[in-house]
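> this is the structure alone, sequence omitted:
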């Protein structure tokens, strides 16, 4: 995952899609909490990213950034905003240096000092020359993410690119692997790593002169852009959970007017932000399939805390905590969300709903969907026309959209207050369709 934070680009792209490019420069800048000058710089940088990935993009389509990233609906099977992960994971100087490292290690195994000599002699003069510490840091990073491996043997250690898999498989086997990764990346979460692996396999196949259509048998169009963007923080948080570490971040709630604040280093330009500085202990990550959102559940001074990951910026890991105490807090959370449809920690109540079987439909798709998505709920009564489904949940807020999505095929029976609430909502909807 990224070595460099790109919170600003993430929030910018999220807003661009949500507003369909309808905001003016000033409105965008105000919403992001940045200056118009910084906004223009971000636009230029993202245009460069797009043009570097799509060299075939017609020149006239570079007039508007919103047009630039929408240049062809079917041209790519990627989620629209995935290019940010591919092209902005490292700085320009890192990109040049790491490209040299990988090219050198592709030929033979090299020591850190040999790699340093190659970098110093090959890097452009306008880029800073790396030192031994920088090279060793790069090698450690590349080894951690599985790009290179350290050869067995005495010091000094030698490093070689790790591509045994693609070299040992035939083109036909590589195409099968590509198809598998393509399907899994588009249907499972998390998926960014799968897309990056797919891109690597595709480039390798095309270098081997495999025809383009052979490696693009499927077309996907993904609409939950936040899910992909929020994976920038996902693995940082999972690492914190694995090592029982607290995290610090600046949080913007869904109700706040701004979604980002620049990190000012000059005290003369410091200003108040609407984000709230948080320090908390991550306990669990939850994904909402219905809306494509990630949630962080954690322990803070007030007890259980819930955060939408799209509002997390400037995240940093902090100190670790005692293992026994951490397990105690995890168990407390598990008990609180035991009856949560998603993450609700309210008072448990029992919901009973009657589902009507579709006429003349075999198989019964309503029942199949209830059994598939109904979690721990049970069917407690059934006849030829309908069945009654019962479940105990923490509050009705989270289960309500699911029940409502069945339309006239679902009738809520209990609790009575929930039934009255839905009756009022359906009456309001009916009023919209009354004759004018």
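On my side now, so go ahead. Since the model is a prediction, treat every value here as computed from it, not as a measurement.
> just the helices in the stretch 101-250 of the chain please.
Secondary structure of the stretch 101-250 of the chain, counting by DSSP state H, counting those that start in this stretch: helices at 112-122, 132-144, 164-168, 171-187, 192-207, 225-229, 231-242.
> single out the most deeply packed of these.
helix 225-229 (a mean of 22; mean count of other C-beta atoms under 10 Å). Glycine gets a C-beta too; all of them are placed from N, C-alpha and C.
> tell me what that one is packed against?
helix 7-19, strand 293-300 (3 or more C-beta pairs under 8 Å, 6 or more residues apart in numbering; DSSP states H and E).
> what distance do you get for residue 397 to residue 411?
Separation of residue 397 from residue 411 (C-beta to C-beta, to the nearest Å): 19 Å.
> specify which residue of these two has the higher count of neighbours.
Applying other C-beta atoms under 10 Å to residue 397 and residue 411 shows that residue 411 carries more neighbours, namely 16 against 12.
> show the contacting residues for that one.
353-356 (C-beta atoms under 8 Å, 6 or more residues apart in numbering).
> any chance of the helices of the stretch 101-250 of the chain in JSON lines, plus mean pLDDT?
Below are the helices of the stretch 101-250 of the chain laid out as JSON lines (pLDDT from 0 to 100):
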{"stretch": "helix 112-122", "mean pLDDT": "87"}
{"stretch": "helix 132-144", "mean pLDDT": "87"}
{"stretch": "helix 164-168", "mean pLDDT": "81"}
{"stretch": "helix 171-187", "mean pLDDT": "87"}
{"stretch": "helix 192-207", "mean pLDDT": "83"}
{"stretch": "helix 225-229", "mean pLDDT": "78"}
{"stretch": "helix 231-242", "mean pLDDT": "90"}
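> quick check: closest non-adjacent residue to residue 197.
residue 181 (5.4 Å; C-beta to C-beta, 6 or more residues apart in numbering).
> dump the residue contacts of that neighbour.
For residue 181, counting by C-beta under 8 Å, 6+ apart, the contacting residues are 194, 197-198, 201.
> let me know the closest of the residues you listed to residue 393.
Residue 393 lies nearest to residue 194 out of these, by C-beta to C-beta, at 32.3 Å.
> please determine how far the residue nearest to that closest one when sequence neighbours are not counted is located from residue 192.
Nearest non-adjacent residue to residue 194, counting by C-beta to C-beta, 6+ apart: residue 185, 3.0 Å away. According to C-beta to C-beta, residue 185 stands 8 Å off from residue 192.
> then residue 302?
32 Å.
> how about TSV for the helices of the stretch 101-250 of the chain, with distance to residue 332 added?
Shown next, in TSV, are the helices of the stretch 101-250 of the chain (distance: least, C-beta to C-beta, whole Å):
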stretch	distance to residue 332
helix 112-122	47
helix 132-144	33
helix 164-168	43
helix 171-187	34
helix 192-207	31
helix 225-229	28
helix 231-242	15
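> relative to residue 306, which of those is closest?
Nearest to residue 306, of those and by C-beta to C-beta, is helix 231-242 at 13.3 Å.
> what's the angle from that closest one to helix 192-207?
On the basis of axes from the mean of the first three to the mean of the last three C-alpha atoms, to 10 degrees, helix 231-242 is oriented at 120 degrees to helix 192-207.
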